[in-house]
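Asker: quick one: sequence plus predicted model below, questions after.
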Amino acid sequence: MSASQHRDRYRVATVDDASVIRESLPVLMRRLEFIEAFPTVEALIARRPEVDLVVLDLHLTNASQPDVRQGIAAIRALVRRGYRVCVYSQEERRFVLAACIAAGAKGIAAKSLPTAKAEDVFIEVAGGIAIPASVIGVVEVLVRRDCITVLSERQRQVLAGRARGMPYAKLANELYTAERG
């Protein structure tokens, strides 16, 4: 649902169960235009905001919303609806982060990053950087070490190509598959 790739400030929606995150990002990250913030993916999907980027926490369940979609399922649900997703999480396990990219997330920013650096990642992802440099190293190491065992060999080839920023058309040609939109 990307609006324009040439705007002064990218339009962003946030999905995080923590109200302090939902309320503070617009105040702290002035180079982005935060349109709406949601506690769940379901709430965002119901509202359907037109944004350039969805900033998504991976862990969304809590006592008041125990059965909501989260993690890989949340990423896939948003990507299926045309959203560009950047994971914003405390998650640091490389295989989980690689699985997020494989599920369609276009970037990852650790919540431990300084605010300005996280904002830079969001801007890169909203602006169409295939996969930010911060993610490429993680993905390539995992693919090289054959650590992404939940993926087939073909899926690992696609992931490695996308990690290097290869466009889908070129990747499809190289792997002899049909390009999907």
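Answerer: Ah, there it is.
Asker: make it CA atoms for all contacts and neighbour counts henceforth
Answerer: Will do.
Asker: low-scoring stretches of the chain, by residue?
Answerer: 1-7, 130-143, 146-151, 163-165, 177-181 (pLDDT under 70).
Asker: where do the helices sit along it?
Answerer: With DSSP state H, the ranges of helices along the chain come out as 19-28, 41-47, 71-80, 94-102, 115-126, 133-144, 153-163, 168-175.
Asker: need the contact partners of the third one.
Answerer: Meaning helix 71-80. 41, 45, 56-59, 84-85, 99-100, 103-105 (CA atoms under 8 Å, 6 or more residues apart in numbering).
Asker: what does the first one give?
Answerer: Contacting residues not belonging to helix 19-28 are listed as 14-16, 32-34, 37-39, 115 [CA under 8 Å, 6+ apart].
Asker: quick check on the contacts of helix 71-80: which are buried?
Answerer: Those of the contacts of helix 71-80 that meet the buried threshold are 41, 56-59, 84-85, 99-100, 103-105, by 16 or more other CA atoms under 10 Å.
Asker: please flag which of those residues sit within strands.
Answerer: Counting by DSSP state E, the part of those found in strands is 56, 85.
Asker: what is the nearest of the buried ones among the contacts of helix 71-80 to residue 171?
Answerer: Checking these against residue 171 with CA to CA, the nearest one is residue 104 at 15.5 Å.
Asker: can you tell me how far that closest one is from residue 16?
Answerer: Distance of residue 104 to residue 16, computed by CA to CA, to the nearest Å: 18 Å.
Asker: cool, and residue 27?
Answerer: Taking CA to CA as the measure, residue 27 falls 16 Å from residue 16.
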